[in-house]
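Structure, please.
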Amino acid sequence: MDWQPDEQGLQQVLQLLKDSQSPNTATQRIVQDKLKQLNQFPDFNNYLIFVLTRLKSEDEPTRSLSGLILKNNVKAHYQSFPPPVADFIKQECLNNIGDASSLIRATIGILITTIASKGELQMWPELLPQLCNLLNSEDYNTCEGAFGALQKICEDSSELLDSDALNRPLNVMIPKFLQFFKHCSPKIRSHAIACVNQFIMDRAQALMDNIDTFIEHLFALAVDDDPEVRKNVCRALVMLLEVRIDRLIPHMHSIIQYMLQRTQDHDENVALEACEFWLTLAEQPICKEVLASHLVQLIPILVNGMKYSEIDIILLKGDVEEDEAVPDSEQDIKPRFHKSRTVTLPHEAERPDGSEDAEDDDDDDALSDWNLRKCSAAALDVLANVFREELLPHLLPLLKGLLFHPEWVVKESGILVLGAIAEGCMQGMVPYLPELIPHLIQCLSDKKALVRSIACWTLSRYAHWVVSQPPDMHLKPLMTELLKRILDGNKRVQEAACSAFATLEEEACTELVPYLSYILDTLVFAFGKYQHKNLLILYDAIGTLADSVGHHLNQPEYIQKLMPPLIQKWNELKDEDKDLFPLLECLSSVATALQSGFLPYCEPVYQRCVTLVQKTLAQAMMYTQHPEQYEAPDKDFMIVALDLLSGLAEGLGGHVEQLVARSNIMTLLFQCMQDSMPEVRQSSFALLGDLTKACFIHVKPCIAEFMPILGTNLNPEFISVCNNATWAIGEICMQMGAEMQPYVQMVLNNLVEIINRPNTPKTLLENTGRLTSPSAIPAITIGRLGYVCPQEVAPMLQQFIRPWCTSLRNIRDNEEKDSAFRGICMMIGVNPGGVVQDFIFFCDAVASWVSPKDDLRDMFYKILHGFKDQVGEENWQQFSEQFPPLLKERLAAFYGV
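Just a heads-up that it's a prediction; the model follows:
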C-alpha cells in the first residue's frame with residue numbers, strides 16, 4: 001500500500017510553504033525554526049515529495065519550493081533517511097519526471113542528481129537504465145524531463161559515469177545521446193549535445209570511441225535555427241580544440257569560417273561561446289599557421305565585439321556622469337584575498353615589456369563578469385602575443401577611424417583595442433606612441449565617464465614606455481592628468497585612475513620623487529572623497545607609492561600629510577572588519593619605507609597586530625575543540641597582521657626591540673609556525689627572519705624550539721613556505737655564528753636536495769615584478785651555513801657546488817650574496833677536492849660580481865691562483881680554453897688568470 005499523507009499534516013506543510021514565500025524577515029525566521037522542528041519527523045520528507053509530484057491542484061512555485069526544500073534535506077542528511085522514505089522519494093521522482101510543467105520537471109531533475117551525487121548512483125542501479133529508457137517515450141514531457149535529469153547527472157557525476165564502479169554505463173549512454181542530435185525538438189537536441197559535452201575534457205573512452213560520429217553530428221547541426229543548440233555546438237568545438245585537435249585539423253579551414261560567422265551571431269550567448277574559440281586556438285602551437293590567412297576577417301570582428309552594447313551602457317549607468325556622493329552597496333565590493341609575504345632577492349633581469357596585470361582589468365565589473373566585450377578584448381590580447389607586429393597591418397587602418405570617431409561608444413572601443421594589444425604589439429606600436437599618448441592623455445578629460453575610465457586603463461598598459469622617455473615629454477603630463485582623474489566625480493573613473501596610477505608608480509619608482517608633495521596632496525584629498533569600494537583601491541595606490549619611492553618618503557612634511565588620515569581610518573575600523581586587510585598591507589609598505597619616520601605611530605599599530613594574531617589563534621583553538629559550537633576563524637586577519645609586523649621590523653630595525661620585549665609575540669610565533677595553513681606558516685617565517693635581523697636578542701632563546709620546525713618546512717611542495725623558512729635559517733646563521741653547529745644536520749640535507757631539484761619553478765616576485773630563481777635562496781642559506789660552520793658543511797660541497805654557482809650568478813651584488821660567497825670560499829679551503837670537477841662553474845659565479853669588497857676579492861684571487869698553480873700552466877691553458885670569451889676577459893681583468 002502506497003504512503004498517504006495525514007490531511008492535517010499536509011495542511012501544515014502547505015501553510016509553511018506559503019509562509020516561506022513571504023518577504024518578511026520575521027516570518028522567514030519562524031519558517032526556519034519550524035523547518036528544524038519538522039525535520040525531526042522522518043516522514044516530513046514524504047510530505048515534501050508528495051506536494052511536489054502529486055498535489056497538482058497547488059500552484060507551481062509552491063510545488064517547486066517543496067522539492068527544493070527536500071533537495072536541501074537530501075544534501076544535509078540523506079544518509080539518515082529511513083529506507084522506506086528514501087525508496088518512496090526515488091520512486092516518485094522516476095514516476096513523475098514527465099510532469100506537464102517544465103518547472104516541476106526541472107525541480108525533480110535537480111532532486112534526482114542530488115540523490116545520485118550522495119553516493120547513490122551505485123545504490124540506485126535502476127536509475128540510469130530507466131532514464132535512458134524514458135528517452136524513447138513518445139510523450140515529449142517525459143523525454144525532455146528524463147533528458148534534463150540526465151544532463152544534470154552528467155554535469156555532477158561525469159567521472160563516476162566513466163569508471164568501472166558502475167560498469168561503464170557511458171558505453172550505452174553516449175551512442176544513445178548521439179541518436180538524439182537529430183531529434184525534431186530543439187530542446188532535446190540541446191540536452192543531447194550538453195550531455196555529451198560533459199565528457200570531452202576528461203577524454204571519456206566511450207566518447208573517444210565515437211569521436212568521428214560526434215564531430216559529424218556537430219557539423220550537421222552547425223546552422224541549427226535554435227540559439228541554445230548553436231551555443232552547445234560552439235562549446236563542443238572549443239573543447240575539442242583543446243583535447244582532440246588532431247580530429248579537427250582536417251576541417252580547420254571550415255571550422256574557422258564557421259566560428260567567424262558565429263562570433264557575429266545575433267544571439268550574444270552564441271557569439272560569446274564562439275569567441276572563446278579564438279582564446280583557445282591562440283594557445284595551440286598550430287595557431288599561427290592556420291589563422292594567419294584569416295586575420296583579415298577576424299580582426300574587424302573582434303574589434304567590433306569590443307564595443308559596449310546598449311544593454312551594457314544601461315547596466316553601467318553610462319549616462320550617469322557624477323555619482324561620487326552615492327554610497328556603495330555591499331555586493332559591489334568583491335572579496336579581497338591577501339597575498340602572504342614572500343621573501344625576495346634583487347635580480348638582474350629587467351622586467352619584460354607590458355605589465356603582468358590580467359587582461360582587461362578595464363572596468364566592467366558591474367556586468368556579468370564575462371561578456372562578449374571582455375572575451376573579444378582577451379582574444380585580441382592573446383592573438384597580439386602570438387602574431388606580434390604581424391597583427392598591426394590589419395589593425396592600424398581600423399584604429400585611426402575608431403580613436404577619432406565622433407560617437408563616444410566607438411571611440412571608447414578603439415581605446416580598449418589599443419590597450420589590449422599593448423603587450424603583444426609593443427615593439428610595432430613604438431613609432432606611433434609619441435602621437436598616440438598625448439591623444440590618450442587628452443581622452444582623460446573626455447566628457448563621457450566610460451571614455452575617461454578606459455583611457456586610464458590603456459595608458460597604464462603603456463606606462464613602461466612612458467617612463468622610458470624624458471620625464472617632461474609624457475610622464476609629467478600623464479601624472480598630472482591621472483591625479484585629476486583620481487579626484488573625478490565619477491566612481492568608476494576614480495577606480496580606473498587609482499589602479500592606473502599604481503601601475504605608473506611601479507614603473508616610475510624614484511622618478512616620482514620630485515612630485516611627491518603634489519601626489520600626496522591628491523591621494524590624501526581622495527581619502528575624504530571616496531566611497532567604500534574605492535577607498536580599498538586608494539590604500540593600494542598609497543602602498544605601491546611607498547614601495548616605489550622607499551626612504552624618499554621619510555620627510556617630515558610628507559609624513560605629516562600621509563599619516564594622520566591613515567591612522568584615523570586605522571582607529572575607525574574594528575578588529576573584525578575585513579577592510580583592515582588592505583589598510584594593514586598599505587601600512588606595512590609605508591612602515592618599511594618610512595623607517596624611523598614611522599616611530600611615532602608604531603606602538604598602537606604593533607599592539608593591534610599582536611592582538612589580531614592572538615585573537616585568531618584563540619578562535620582557531622576553540623573551533624578545533626568544539627567545532628559544533630564555534631565558527632572557524634578567518635585566518636587572513638592573522639596573516640595580514642604577521643605581514644605588517646614584518647614591515648615594522650624591517651622598517652624600524654633595532655627600534656622594534658622594545659616593542660617585542662613588551663609583548664608575547666615569540667610565543668605566538670611558535671604557534672603560527674606550526675599552523676595547518678601554509679600561508680600562515682609562510683608569513684610566520686618571514687617575520688621570524690625580519691625579527692632575527694632586527695632584534696636577535698629575543699629570538700635567540702627560542703632557537704632550540706624553532707629550528708626543528710624550520711627543518712620540517714623545507715618542503716618544496718609549498719614553495720613560498722619553503723623559501724621563507726630557508727631565508728629565515730640563513731638570517732639565523734648570520735646571528736648565531738659557530739653556535740649554529742648543533743642545528744646544521746637538521747637542515748642541510750633538505751637544502752641540498754632542494755637546490756638540486758630540476759627546474760625549480762620560477763616564482764614571479766610580488767614586490768619587483770621580476771623573475772628570480774627560488775634556488776637562489778637555498779643557495780644563499782647553504783653559503784651562510786658554510787660561512788659559520790665550514791667544517792660541517794664542506795664535506796657535502798661536491799653535491800651542491802654546481803647548482804649553487806648557477807643559481808647565484810644572476811643575483812645582484814648585495815649583503816646576502818656577499819656572506820654566501822664568503823661561506824663557499826671557506827668551504828673550498830676545508831675541502832678543495834669538492835670543487836675540482838665543477839671549477840668552471842665557480843669561475844663563472846665569481847665573474848658575476850661587479851664590485852666585491854676587497855677582502856672577498858682577495859679570497860677569490862687566492863682560490864683561482866691556487867687552482868691554477870696546482871694544475872700547472874699548460875693544464876690551465878687547456879682548461880680556460882672552454883671559457884666563453886666574456887668570462888675569460890673578466891677573469892683576466894679582475895684576477896689576472
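
Now for the spatially closest residue to N554 that is not a sequence neighbour, how many residues are close by?
Spatially, and ignoring its direct neighbours in sequence, N554 is nearest to G597 (4.0 Å; C-beta to C-beta, 6 or more residues apart in numbering). C-beta: built from backbone N, CA, C; applies to glycine. The local packing of G597 (other C-beta atoms under 10 Å) involves 21 other residues.

and what of V640?
27.

What pLDDT does the model give the nearest residue to it once chain neighbours are set aside?
Leaving aside its sequence neighbours, V640 sits nearest to L584 (C-beta to C-beta, 6+ apart; 4.4 Å). With respect to pLDDT, L584 has a value of 91.

Could you double-check that L584 lies in contact with M638?
No. In this structure, L584 is not within contact of M638 by C-beta atoms under 8 Å, at 10.9 Å.

Could I get the full set of strands for the protein?
763-764, 771-772 (DSSP state E).

rank these by pLDDT, which is bottom?
Among those, strand 763-764 has the lowest mean pLDDT, at a mean of 34.

and the nearest residue to I112 once chain neighbours are set aside, what does it touch?
Setting aside the residues directly before and after it, I112 is nearest to A149 in space (C-beta to C-beta, 6+ apart), at 4.7 Å. If you count contacts by C-beta atoms under 8 Å, 6 or more residues apart in numbering, A149 has them with I97, I108, G109, I112, T113, L131.

which ones are touching A449?
G318, V320, E321, D488, N490, R492, V493.

again with C443
C443 neighbours (C-beta under 8 Å, 6+ apart): K411, I415, V451, R452, A455.

V320 too?
Counting by C-beta under 8 Å, 6+ apart, V320 touches A449, N490.

What of V850?
V850 sits next to R812, D813 when contact means C-beta under 8 Å, 6+ apart.

tell me the phi and psi of it?
When read as degrees, to the nearest 10, the backbone of V850 gives phi -90, psi -50.

could you measure it against L864, distance?
Remark: distance between V850 and L864 (C-beta to C-beta, to the nearest Å) = 17 Å.

and what of C234?
For C234, the distance to L864 (C-beta to C-beta) stands at 65 Å.

Which one's more surrounded, the two?
Each of C234 and L864 has its neighbours counted (other C-beta under 10 Å); C234 has more, 26 against 20.

Give me the spatial nearest neighbour of that one, chain neighbours excluded.
Nearest non-adjacent residue to C234, counting by C-beta to C-beta, 6+ apart: E273, 3.9 Å away.

mean confidence for stretch 624-636?
The pLDDT scores in stretch 624-636 average 91.

Low-confidence ranges, the protein, go.
1, 120, 318-319, 331-339, 341, 343-368, 759-775 (pLDDT under 70).

for K635, what are its contacts?
Residues near K635 by C-beta under 8 Å, 6+ apart: T616, A620, D675, M677, E679, V680.

Would you mind measuring from it to E412?
From K635 across to E412, the span is 42 Å (C-beta to C-beta).

repeat for I112
Distance, I112 to E412, by C-beta to C-beta: 47 Å.

can you check A149 too?
Counting by C-beta to C-beta, the gap from A149 to E412 is 45 Å.

hmm, back to that, could you export the contacts of C443 as a markdown table, including distance to W465?
Listed next are the contacts of C443 as a markdown table, based on distance: C-beta to C-beta, whole Å:
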| residue | distance to W465 |
| --- | --- |
| K411 | 22 |
| I415 | 16 |
| V451 | 21 |
| R452 | 21 |
| A455 | 16 |
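
Going by distance to P742, which of those wins?
P742 has its nearest neighbour among the contacts of C443 in A455, at 62.0 Å by C-beta to C-beta.

Tell me how many other residues crowd that closest one.
A455, neighbours per other C-beta under 10 Å, totals 31.

likewise L16?
Residues near L16, counting by other C-beta under 10 Å, number 18.

Look up how far D33 lies from it.
L16 is 11 Å from D33, by C-beta to C-beta.

try C234
48 Å.

same question, A274
With distances taken as C-beta to C-beta, A274 is found 50 Å from D33.

quick one: which of the two has more around it?
Neighbour tally, A274 and D33, criterion other C-beta under 10 Å: the higher count belongs to A274, 28 against 9.

now N197, nearest residue through space, not along the chain?
Once flanking residues are discounted, N197 sits nearest to A236: 5.2 Å by C-beta to C-beta, 6+ apart.

thought that neighbour was touching Q198?
No. Here A236 does not reach Q198: they are 10.5 Å apart, not a contact under C-beta under 8 Å.

The top helix by length along the chain: which residues count as buried?
Under DSSP state H, the helix in the chain containing the largest number of residues is helix 599-625. For helix 599-625, burial by neighbour count (16 or more other C-beta atoms under 10 Å) applies to 601-602, 605-606, 608-610, 612-617, 619-620.

And for stretch 20-32?
S20, V31.

what sits up against it?
Outside of stretch 20-32, the residues within contact range by C-beta under 8 Å, 6+ apart are L16, D19, P61, T62, L65, I69.

10 Å instead?
The contact list for stretch 20-32, computed with C-beta atoms under 10 Å, 6 or more residues apart in numbering, reads Q15, L16, L17, K18, D19, K34, L35, P61, T62, L65, S66, I69.

Taking the residues you listed together, which two end up most distant?
Greatest spatial distance among the contacts of stretch 20-32 (C-beta to C-beta): K34 and P61, at 18.9 Å.

higher neighbour count, those two?
K34 (16 against 11).

So the more buried one sits against I69, correct?
No. With contacts defined as C-beta atoms under 10 Å, K34 does not count as touching I69, sitting 11.2 Å away.
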